[in-house]
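In: attaching a predicted model along with its sequence, questions to come.
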Amino acid sequence: MTAEAPAATTRDLFEVNLARRHMIGVIFQGVALLGTLVGIIVLAVLLIEVWRDGIHFLELDFLNRFPSRFAEQAGFKSAFWGSLWVIGFTALLAFPIGVGAAVYLEEYAPKNAVTRLLQTNISNLAGVPSIVYGILGLQLFVRGTIGIGPSLEDLGLRDLDRSVLAGSATLALLILPVVIVASQEALKAVPPSIREASYGVGATRWQTVRSHVLPQAFPGIMTGTILALSRAIGETAPLIMIGALSFVAFTPGNPLDDFTVMPIQIFGWAVRPQLDFQDLAATGIIVLLIVLLSMNAIAVYLRHRFGGPASR
Amino acid sequence: MATGTPAIDGSGASARFKRSRSRHLFEQLIGLSLFACAAVTVVTTVGIVAILLAEGLTFFTEISPLEFFTGTRWTPLFQSAGFGVLPLVNGTLIVALGASLVALPVGTLAAIYLSEYASPQIRSIIKPVLEVLAGIPTIVFGYFALTFITPFLKDTIFPEIGVFNALSGMIVVGIMTIPMVSSISDDSMRAVPQELREAAYGVGATKFEVVTRVTFPAALSGIVASYILAISRAIGETMAVTLAVGATPRMGFDILDSFQTMTAYIVNVSLGDTPQGTTEFRTIFAVALTLFAMTLLMNLISARVVQRYRERYE
């Protein structure tokens, strides 16, 4: 009897259970596939619902009208152009600073405690909720003081009030960690041999970076920056914090003008109880998503066209 | 080009060496300005912390921290003002917990499917779709919760559900954090070396056994990190919960009813006409300080988990 027991166990492990073990495997694979499909199905339902709600207000004139008390006369003009203004200045601020910071960290920084601190700080900033950036923007750019040290006024500067520039500066700080990390990845993917060859013929560090490393990394940097900007264009909370308005009947004419943006206008419509305004919100969402998907498409195109580092 | 470059450099070499002093200065200036770019991130952190502490501490001289952190009545804008933050924390944690119940299992299953089962073609379709899901603005999810999920729940399972309710918030926040869990977990499972899987197959394991007993445990540090990041994201999520969950600070767990999260409170104050510089307005800094501390703590833990428990295979 004692001699038989091990034999039975061995047979259990290798034969008796095998069909059941394969069955479990098949079931598990099915469950995993279902899990994968959850996100995709919800995305599909969301897009279909928004399309169905918003389609009857969708016409070219929607982008040519200002908001109105009457749903059928209301349009998206101030929000659409406001978003483009804000995103334009966000790009002007975030791109050079982000790429500069990435070049410093990858090509210049010594391997020491300060550099490690910078790096840790950047990854922590990436996890700060966007509404906290809104509070930073409200105090720093709109009110002109962070509570300690000199205010902007003391420094001889004016605060930016609730302007396009205040919104852009806030969003630029918000996406800066993303731009930096994406640019760093792109710089890392440039083979060291290129730098060594450049140094070998006597180029300085900056000459090497400017003429050899940056051009190679450029598609990857652009892809990362565009994706970061497409995040910024959907941001609502930080701009509500700095006081962007939801009823604006003009488009900005210069960077110090008041503004609204697409997500805030959508929010303003969505919270109204009338069904017509909720449908208007859906129409706004359609426009926002079209802009967003176009930006993503450009990023994907750059990624494939130039085979950037993120093309896995 | 390879043969041309040295010749060009050679012709200008003597002139360049003479200018080396100004060139050196120029190089240093470049280095300094690049450092200044990187320093912007430090200024950002210092700015955030300084603002939250300066205004938050002023608030705590007016309202005792004891009342703030232990009080269960949050009515700062009413005549009989209550300054206990717990109802807001309660709303935030309920939504984050519910969202985790959606995002963690679903995201993990998606990651397992993508890294272990999906063919390259299927992967190349599903990955971009999940990226699109990750890129949908949160305000859109808020709209979806308000105009589709809540009415759907009302018509099917819970006829008594409110217009604003925690359940729809949990579901949308969960859905929108799925890509975060799936993509980080997918990356860390793909980083597990093939040899480990092959060794397990070699001793007779089935695919299911390899996945659950070899790949998954080996990638656990990355997977847990993705969980913590997703929860932290759910805690900081603002517009979707503002639209879906509403503006009723309360204790309790009735998820068919409206709550208010910390983030939604901050948004509501800045939408209203509370004058700046009052105790009422300063509540947003105290709440934001609490929120910032919670998310920072979670992000630090997540970074620690990755560092401490990562399996290295090189």
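Out: In hand now; what should we look at?
In: run through who's touching stretch A:63-82.
Out: Outside stretch A:63-82, the residues that touch it by C-beta atoms under 8 Å, 6 or more residues apart in numbering or on different chains are A:57, A:61-62, A:164, A:244, A:247-252, A:259-262, A:264-266, A:268-269, A:274, A:276-277, A:279-280, A:283-284, A:287. For every residue, glycine as well, the C-beta is placed using N, CA and C.
In: chain center to it, what's the gap?
Out: Stretch A:63-82 sits 25 Å away from the centroid of its parent chain (C-alpha atoms, centre = their mean, to the nearest Å).
In: out of the contacts of stretch A:63-82, which touch chain B?
Out: Intersecting the contacts of stretch A:63-82 with the contacts of chain B gives residue A:266 (criterion: C-beta under 8 Å from any C-beta of the partner chain).
In: quick one: buried ones out of the contacts of stretch A:63-82?
Out: Among the contacts of stretch A:63-82, the ones that count as buried by 16 or more other C-beta atoms under 10 Å in any protein chain shown are A:57, A:62, A:164, A:244, A:248, A:251-252, A:259-262, A:264-266, A:268-269, A:277, A:279-280, A:283-284, A:287.
In: least confident secondary structure element in the chain?
Out: I'll assume chain A. Every helix and strand in chain A was compared by mean pLDDT, DSSP states H and E; the lowest is helix A:4-11, with a mean of 52.
In: you answered for a different chain; I wanted chain B.
Out: Looking across every helix and strand in chain B, the one with the weakest confidence, judged by mean pLDDT, DSSP H and E, is helix B:4-18, at a mean of 48.
In: anything in the following helix or strand past that one near chain A?
Out: Note on helix B:4-18: by DSSP states H and E, the next helix or strand toward the C-terminus is helix B:20-62. Yes. Using C-beta under 8 Å from any C-beta, helix B:20-62 reaches chain A at B:23, B:26-27, B:30-31, B:33-38, B:40-42, B:44-45, B:47-48, B:50-55.
In: list buried residues within those residues.
Out: With neighbours counted using 16+ other C-beta under 10 Å, those contain these buried positions: B:30-31, B:34-35, B:37-38, B:40-41, B:44, B:47-48, B:50-52, B:54-55.
In: model confidence for residue 192, exactly?
Out: In the absence of a named chain, this looks at chain A. Residue A:192 is assigned a predicted lDDT (pLDDT) of 93.
In: my question was about chain B, not that one.
Out: Confidence per residue is given as pLDDT, and for residue B:192 that number is 93.
In: for it, helix, strand, or coil?
Out: Applying DSSP: H, G, I helix; E, B strand; the rest coil to residue B:192 yields a three-state assignment of coil.
In: surely it meets residue B:218?
Out: Yes. Using C-beta atoms under 8 Å, residue B:192 and residue B:218 qualify as a contacting pair, with a distance of 4.5 Å.
In: for chain A, give me the ranges with low pLDDT.
Out: A:1-16, A:146-159, A:246, A:307-312 (pLDDT under 70).
In: what's the single longest helix in it?
Out: Ranked by residue count under DSSP state H, the longest helix found in chain A is helix A:18-54.
In: report whether it contacts chain B.
Out: Yes. Applying C-beta under 8 Å from any C-beta, one finds helix A:18-54 touching chain B at A:21-22, A:24-25, A:28-29, A:31-36, A:38-40, A:42-43, A:45-46, A:49-50, A:53.
In: can you point out the buried residues in that helix?
Out: Within helix A:18-54, the residues that qualify as buried by neighbour count (16+ other C-beta under 10 Å) are A:21, A:25, A:28-29, A:32-33, A:35-40, A:42-43, A:46-47, A:49-50, A:53-54.
In: immediately after it, which helix or strand?
Out: Once the chain leaves helix A:18-54, the next helix or strand it forms, by DSSP H and E, is helix A:77-103.
In: buried sites along that following helix?
Out: By neighbour count on 16+ other C-beta under 10 Å, the buried set for helix A:77-103 is A:77-87, A:89-91, A:93-95, A:97-103.
In: now it against helix B:20-62, angle please.
Out: With axes from the mean of the first three to the mean of the last three C-alpha atoms, to 10 degrees as the criterion, the two stretches helix A:77-103 and helix B:20-62 enclose an angle of 120 degrees.
In: what about the closest residue to chain A within the stretch 151-300 of chain B, how many residues nearby?
Out: Scanning the stretch 151-300 of chain B for the residue nearest chain A gives residue B:236, at 2.7 Å (criterion: C-beta to the nearest C-beta). Applying other C-beta atoms under 10 Å in any protein chain shown, we find 24 other residues in the vicinity of residue B:236.
In: which one is it nearest to, not counting chain neighbours?
Out: Using C-beta to C-beta, 6 or more residues apart in numbering or on different chains and skipping residues adjacent in sequence, the residue nearest residue B:236 is residue A:129, 2.7 Å away.
In: domain map for chain B?
Out: Per the record, chain B has its domains at B:4-62, B:86-309, by automatic domain parsing.
In: for the ones you listed, which one ends up most surrounded?
Out: When you average the neighbours per residue for each of the domains of chain B (mean count of other C-beta atoms under 10 Å in any protein chain shown), domain B:86-309 leads with a mean of 20.
In: what's the host helix or strand of residue B:131 packed up against?
Out: Assigned by DSSP H and E, residue B:131 falls within helix B:120-135. The criterion is 3 or more C-beta pairs under 8 Å, 6 or more residues apart in numbering or on different chains; DSSP states H and E, and the helices and strands that helix B:120-135 contacts are helix A:18-54, helix A:214-233, helix A:275-306, helix B:166-190.
In: out of those, nearest to residue B:275?
Out: When the helices and strands packed on helix B:120-135 are compared for distance to residue B:275 using C-beta to C-beta, the nearest one is helix A:275-306, at 28.9 Å.
In: what angle do the closest one and helix A:77-103 make?
Out: 30 degrees.
In: which residue packs closest to residue B:142, ignoring adjacent ones?
Out: Residue nearest to residue B:142 in three dimensions, not counting chain neighbours: residue B:243, with 3.1 Å by C-beta to C-beta, 6+ apart.
In: and that neighbour, what does it touch?
Out: When contacts are counted by C-beta under 8 Å, 6+ apart, residue B:243 is found next to A:267, A:270-271, B:139, B:142-143, B:145-146.
In: of all these, which comes closest to residue A:231?
Out: Each of the contacts of residue B:243 was scored against residue A:231 by C-beta to C-beta, and residue B:139 proved nearest at 12.6 Å.
In: what about residue A:33, distance to residue B:122?
Out: From residue A:33 across to residue B:122, the span is 9 Å (C-beta to C-beta, to the nearest Å).
In: just residue A:49 next, same as before
Out: As it turns out, when the distance is counted by C-beta to C-beta, residue A:49 lies 26 Å from residue B:122.
In: ok, residue B:293 next?
Out: For residue B:293, the distance to residue B:122 equals 42 Å [C-beta to C-beta].
In: same check on residue B:237?
Out: Using C-beta to C-beta, we find residue B:237 at a distance of 30 Å from residue B:122.
In: and what of residue A:41?
Out: From residue A:41 over to residue B:122 (counting by C-beta to C-beta), the distance is 16 Å.
In: next one: residue A:183
Out: With distances defined as C-beta to C-beta, the gap from residue A:183 to residue B:122 amounts to 31 Å.
In: what's the span of stretch B:108-119, first residue to last?
Out: The distance separating the two terminal residues of stretch B:108-119, taken as C-alpha to C-alpha, to the nearest Å, comes to 18 Å.
In: tell me the gap between that stretch and the middle of its chain.
Out: Distance, centroid of stretch B:108-119 to centroid of chain: 22 Å (C-alpha atoms, centre = their mean).
In: next, the angle helix A:275-306 makes with the helix holding residue B:131.
Out: 130 degrees.
In: so for stretch B:208-219, mean pLDDT?
Out: In this model, stretch B:208-219 has a mean pLDDT of 93.
In: anything in it sitting right up against chain A?
Out: Yes. Legend: contact between stretch B:208-219 and chain A by C-beta under 8 Å from any C-beta is shown at B:208-209, B:211-212.
In: in helices, which of these appear?
Out: Among the residues of stretch B:208-219 next to chain A, the residues falling in helices (DSSP H) are B:208-209.
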